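A.B. asks: Prediction below, plus the sequence it came from.
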Amino acid sequence: MNSAGGDRGKRLSATALLPGLPQLLRGQLLAGLSLMTLALGMLAVLAVGFDRVLATFTAGRVDHWIAFLTLAAMLGLAWWLSAVWGRGRREEDASAGASGWAIAWREFKKNRPAVLGLYLMVALYLVTLLAPYLTSYDPTEIVEDILSVRHLAPSGEHLLGTDKYGRDVYARILYGARISLSIGFIAVVISITLGTLVGAASGYFGGVVDTVLMRLVDTLISFPRLVLLITVIALFEPSIMVVVVVLGLTLWPSTARIVRGEVLSLREREFIEAARALGLGSPRIILRHIIPNVMGPVIVAATLGLGNIILIEAGLSFLGLSVQPPTPSWGAIINDGREFLLQAWWVSAFPGLAIVFTVVAFNLIGDGLRDALDPRLRM
C-alpha cells in the first residue's frame, strides 16, 4: 500500500511539473513525447497569443470561444492523461486478452510513417481550431492602401507574405484550412455512410437488389468524376453546403463496392446463420452484425478518401466552383496567386504545400490502418 501510494505520489508530482514526464521516466517514449509536445505546444500558443486569449472575453466572437475551449481542453487532457496513462497492466502483459482493435492499435504504432501522419492530422485540426490565437490578421480584410502592402515577401510581420489585395497569406491559409478540412470531413461522413448502407444491402440481399444497386454504382463510376461534379455544381449557386452535399453524394460508389465484397463473405458465416435462426430481421442483422464487421476496410477507405476529397475541393475552388470570395480556401488562394507566380510565388506555393502535406498525412494514416487492420499481414 505504501509503495503504491508512493508511486502514485511521484507520478502526480512529475505530472505537475510537465505532462509526459512520468511516461518518459517509465520508458514510454511515444506516449511521453506526445503528451509533452501537446502541453508545450498549447503553452506556446497561450504565451504568443496571450493578448488575443484575453480578448476572447471582450470580443465575444464564436471562433475565439472555440479556440479558448480547445486550448483549455487540450491542456487539461495533457495533464489528465499524464496522470492516468500506464497505471494498469503493461501492454505486453495484457496483449493475450486484448481486443482486435487494441491489437490493431498496437500494430499501427509500430508503423512510424503512419504515426507521423497521425501527428500531422492532429496538428492540422488543432491549428484550424486555434487560428484566432495564431494570427492577429483578418483573412478577408482588404486595407485601403493596397499598393503599399500588396505582394509583400515573407517577413517577420507577414510570415508568409501578402497577396494582391494586401491580405496576410498565413492568416488565409489558417482559416482556409477550416474550409478544406471541414468540407473533407463532412463529405467523407456522407459518402462513407451512404456507401456502407448501399454495399451492405447489396451484398446481403443479393439477387435483384444486388443487380440494381451495382448497376447504379457502375453507372456513377463510369462518369468522369470531375465533369460530373462541375455539371452538378453548375446547376446551383456555389456554396459550402452545395459542395459538401455534391461531394458526399458522388463519391460513395467505391465504398459500396468495398463493403459489398466484404458482406458477400460475411453473410454465409455461422454467426449470421445463427442470427437468422433466432428470427432476427434483416435490418437488425445488417446494422448489428454485418456493418460492425466491415468497419476496418470502411475506416481505411474513409481515411484515404479524405485526402482525395481535399484535392477535389481544392481543384473546384481553383476553378471558382466551390467556396466563393472572400472566404478563403486553399484552392482559391492558389488561384489568387497563379497570375503572379514569378513576382509573388509565395501566394500559391504555401497553400499548395499545405495541400501536399495534408494529403500525404491522410494517405500515411490510411496505409497504416490498412496494414494494422489486415490480420494476414500480422502472421
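C.D. replies: Now that the structure is in, tell me what you want to look at.
A.B. asks: Show me where the stretch 251-379 of the chain has its helices.
C.D. replies: 253-266, 270-277, 282-285, 295-318, 330-337, 346-373 (DSSP state H, counting those that start in this stretch).
A.B. asks: Can you say which of these is packed in most?
C.D. replies: The highest mean neighbour count among the helices of the stretch 251-379 of the chain, using mean count of other CB atoms under 10 Å, belongs to helix 330-337: a mean of 24. Glycine gets a C-beta too; all of them are placed from N, C-alpha and C.
A.B. asks: same for that helix, what does it pack against?
C.D. replies: With contacts taken as 3 or more CB pairs under 8 Å, 6 or more residues apart in numbering; DSSP states H and E, helix 330-337 sits against helix 169-205, helix 295-318, helix 346-373.
A.B. asks: coming back round to it: format the helices of the stretch 251-379 of the chain as JSON lines; extra columns: mean pLDDT and distance to Val242.
C.D. replies: Formatted as JSON lines, the helices of the stretch 251-379 of the chain follow (pLDDT from 0 to 100; distance: least, CB to CB, whole Å):
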{"stretch": "helix 253-266", "mean pLDDT": "88", "distance to Val242": "20"}
{"stretch": "helix 270-277", "mean pLDDT": "83", "distance to Val242": "40"}
{"stretch": "helix 282-285", "mean pLDDT": "84", "distance to Val242": "31"}
{"stretch": "helix 295-318", "mean pLDDT": "84", "distance to Val242": "10"}
{"stretch": "helix 330-337", "mean pLDDT": "87", "distance to Val242": "15"}
{"stretch": "helix 346-373", "mean pLDDT": "88", "distance to Val242": "21"}
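A.B. asks: circling back to that earlier point, may I see the helices and strands packed on helix 330-337 organised as a markdown table, with distance to Ile142 added?
C.D. replies: Formatted as a markdown table, those follow (distance: least, CB to CB, whole Å):
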| stretch | distance to Ile142 |
| --- | --- |
| helix 169-205 | 12 |
| helix 295-318 | 19 |
| helix 346-373 | 15 |
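A.B. asks: Glu141 is nearest to which of the helices of the stretch 251-379 of the chain?
C.D. replies: Closest approach to Glu141 among the helices of the stretch 251-379 of the chain is made by helix 330-337 (14.8 Å; CB to CB).
A.B. asks: ok, residues contacting the closest one?
C.D. replies: Contact with helix 330-337 is made by 163-164, 169, 172-173, 176-177, 179-180, 310, 313-320, 322-323, 325, 344-349, 351-352, 354-355, as judged by CB atoms under 8 Å, 6 or more residues apart in numbering.
A.B. asks: Measure how far that helix is from the centre of its chain, please.
C.D. replies: Averaged C-alpha coordinates place helix 330-337 at 21 Å from its chain's average position (CA atoms, centre = their mean, to the nearest Å).
A.B. asks: what's the angle between it and helix 346-373?
C.D. replies: 150 degrees (axes from the mean of the first three to the mean of the last three CA atoms, to 10 degrees).
A.B. asks: List the contacts of Leu43.
C.D. replies: Leu43 makes contacts with Leu75, as judged by CB under 8 Å, 6+ apart.
A.B. asks: hang on, the earlier thing: okay if I get the helices of the stretch 251-379 of the chain as TSV plus distance to Leu24?
C.D. replies: TSV is the format used below for these (distance: least, CB to CB, whole Å):
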stretch	distance to Leu24
helix 253-266	41
helix 270-277	44
helix 282-285	48
helix 295-318	29
helix 330-337	36
helix 346-373	24
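A.B. asks: quick one, which of these is nearest to Leu21?
C.D. replies: Across the helices of the stretch 251-379 of the chain, the minimum distance to Leu21, taken as CB to CB, is reached by helix 346-373, at 27.6 Å.
A.B. asks: Could you list every helix and strand that the closest one packs against?
C.D. replies: Here helix 346-373 is seen to pack against helix 100-109, helix 112-129, helix 169-205, helix 295-318, helix 330-337 when contacts are counted using 3+ CB pairs under 8 Å, 6+ apart.
A.B. asks: any chance of these in a markdown table, plus distance to Ala67?
C.D. replies: Shown next, in a markdown table, are those (distance: least, CB to CB, whole Å):
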| stretch | distance to Ala67 |
| --- | --- |
| helix 100-109 | 30 |
| helix 112-129 | 6 |
| helix 169-205 | 11 |
| helix 295-318 | 22 |
| helix 330-337 | 20 |
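A.B. asks: Nearest to Ala256, out of the helices and strands packed on helix 330-337?
C.D. replies: Distance to Ala256, taken as CB to CB, is lowest for helix 169-205 among these, at 3.9 Å.
A.B. asks: average pLDDT for that closest one?
C.D. replies: Across helix 169-205, the average pLDDT comes to 89.
A.B. asks: Specify the angle between it and helix 295-318 in degrees.
C.D. replies: 140 degrees.
A.B. asks: what comes into contact with the helix or strand following helix 169-205?
C.D. replies: Under the assignment DSSP states H and E, the closest C-terminal helix or strand after helix 169-205 is helix 207-222. With CB under 8 Å, 6+ apart as the test, helix 207-222 has contacts from Val198, Ala201, Ser202, Gly203, Leu228, Thr250, Pro253, Ser254, Ala256, Arg257, Arg260.
A.B. asks: mind listing what's buried in helix 207-222?
C.D. replies: Using 16 or more other CB atoms under 10 Å as the test for burial, helix 207-222 gives Asp210, Leu213, Met214, Val217, Leu220.
A.B. asks: Stretch 188-195 too?
C.D. replies: So for stretch 188-195, counting by 16+ other CB under 10 Å, buried means Val188, Ile190, Ser191, Ile192, Leu194, Gly195.
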